[in-house]
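Next come a sequence and a model predicted from it.
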Amino acid sequence: MTSKRRSSATHRESSVTLQDIAAHAGVSRSTVSLVLRGSSLVAEPTRLKVQASIKGLGYVYNRGAAALRGRRTSTLGVVVYDIANPFFGAMVAGIDNALSREGYVSFLANSEDSPRRQERFLERMREHAVDGILLCPAEGTDPSLIDTLNAWGMPCIQVLRHIGNPPFDYAGTDFREGVCQAVDHLAALGHERIAFLGGHAEHSATRERWQGYREALDRHRLDYQRLLRSKVTRRDGFELIQQLMSEPTPPTAVICHNDLVAFGAMLGLKRLGLTPGADCAVIGIDDVEEAELVDPALTSVATHPYAIGEQATRLALRRIHDPKGAPEQAVLSPRLQVRGSCGARPQPHTASAPAASGQMP
């Protein structure tokens with residue numbers, strides 16, 4: 001082949017675009033991109049079809065251009081699992097405040113606790129060359145995801161939940177200690193039947209809550225243990241508390257996985273004609289802004305979402321500037337905020353005294 005022919009062939013190969021491959025294979029451009037990056041999201045038949053088109057069109061992956069992704073973009077990816085929860089609104093505010101001081105911006109995504117949806121967002125953030133990731137792992141996330149992010153050269157700070165083997169960068173709060181504080185408070189008021197509402201054992205934040213619940217009950221020598229699994233929404237709290245209060249021996253107090261469950265539990269008590277804080281004490285976790293505004297005001301374990309966001313951002317920027325530095329964990333101390341939803345243990349109902357009538361009973 002003459003030099004002119006070689007030049008012409010090289011030009012044809014270099015002019016092939018991802019869109020050309022997509023049209024040839026009958027798939028989307030983003031699917032081609034996923035195949036080039038070796039993503040597990042692409043089904044095997046589709047992968048083979050795309051690879052055949054790549055070969056047939058003579059496309060050569062430009063690793064030099066891909067290497068440009070190593071340059072910083074002053075962006076940080078943030079993946080949470082429930083953006084509707086006001087906890088995350090406060091946490092993201094802390095993240096944005098810390099980032100703005102450093103000239104960074106964030107890309108926010110809501111995984112809805114779906115590992116597949118989470119992986120799709122992470123792929124997109126990689127394509128946009130974010131400098132790092134703040135990740136609240138979706139329930140059921142494979143621990144190997146952290147190794148994958150490391151292989152991508154994408155620093156990852158785990159937030160609130162953690163997966164994989166330590167050491168790793170992590171920012172959160174001591175959920176175990178927070179629940180212990182709640183049980184200690186209830187036990188000091190005389191409560192002996194304390195239930196725990198909400199959560200699944202498939203992630204660390206729930207396991208730590210349940211650990212604190214069991215440890216504190218054992219420490220106070222309380223035999224009653226009622227732990228109900230569920231999602232962590234208002235509706236779950238609303239339904240679970242009605243189920244509990246219909247049992248032959250209902251609890252006198254409940255600790256809820258988060259404030260949303262607690263708000264639902266208080267509504268459920270009112271639906272039953274009971275008064276939260278008088279007929280059954282209620283404690284939430286997170287201490288979101290609404291906790292002070294409901295009636296009665298909610299006793300809650302403050303987990304400091306704004307400060308967690310700031311700490312997570314600090315760890316991310318530190319990791320970006322020092323990729324080989326030692327891992328760091330920033331675990332904040334919780335604080336019980338006592339309000340009206342958590343009074344003393346209700347007294348057993350007794351027969352009321354007869355009204356005065358001028359006659360002996």
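Nice, thanks for sending it over. Residues are numbered from 1 along each chain as shown.

neighbouring strands for whichever strand or helix holds L336, and are they parallel or not?
With elements delineated by DSSP states H and E, L336 resides in strand 335-337, which encompasses its position. The strands beside strand 335-337 in its sheet (DSSP bridges) come out as strand 299-302 (antiparallel).

from the middle of its chain, how far away would the partner strand be?
Chain-centre distance of strand 299-302: 18 Å, with CA atoms, centre = their mean, to the nearest Å.

again, but for stretch 216-224
The gap between where stretch 216-224 is centred and where its chain is centred comes out at 29 Å by CA atoms, centre = their mean.

Dump the C-alpha coordinates for that stretch into PDB.
The C-alpha coordinates for stretch 216-224 follow below in PDB (Å, rounded to 0.1, in the frame of the first residue of the first chain):
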ATOM      1  CA  ALA A 216     -29.400  -1.000  74.800                       C
ATOM      2  CA  LEU A 217     -32.300  -3.400  75.500                       C
ATOM      3  CA  ASP A 218     -29.800  -5.900  76.900                       C
ATOM      4  CA  ARG A 219     -28.000  -3.300  79.000                       C
ATOM      5  CA  HIS A 220     -31.300  -2.300  80.600                       C
ATOM      6  CA  ARG A 221     -32.400  -5.900  80.900                       C
ATOM      7  CA  LEU A 222     -35.600  -5.300  78.900                       C
ATOM      8  CA  ASP A 223     -37.000  -8.600  77.600                       C
ATOM      9  CA  TYR A 224     -39.500  -7.000  75.200                       C
END
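
Now do the strands in the stretch 101-250 of the chain.
Using DSSP state E, counting those that start in this stretch, the strands of the stretch 101-250 of the chain run over 105-110, 132-135, 156-159, 170-173, 194-197, 226-228.

Could you look up the SS state of G343?
Here G343 is recorded as coil under DSSP: H, G, I helix; E, B strand; the rest coil.

Next up, the contacts around it.
Neighbour list for G343: L189, G277, A278, A281 [criterion: CB atoms under 8 Å, 6 or more residues apart in numbering]. Glycine gets a C-beta too; all of them are placed from N, C-alpha and C.

Which per-residue confidence value corresponds to it?
As summarised for this prediction, G343 has a pLDDT of 74.

Kindly report the same for S15.
As summarised for this prediction, S15 has a pLDDT of 75.

what number of residues lie near it?
Burial measure for S15: 11 neighbouring residues, criterion other CB atoms under 10 Å.

Distance-wise, check it relative to Y59.
From S15 over to Y59 the distance is 10 Å, taken as CB to CB, to the nearest Å.

Sweet, I'm off.
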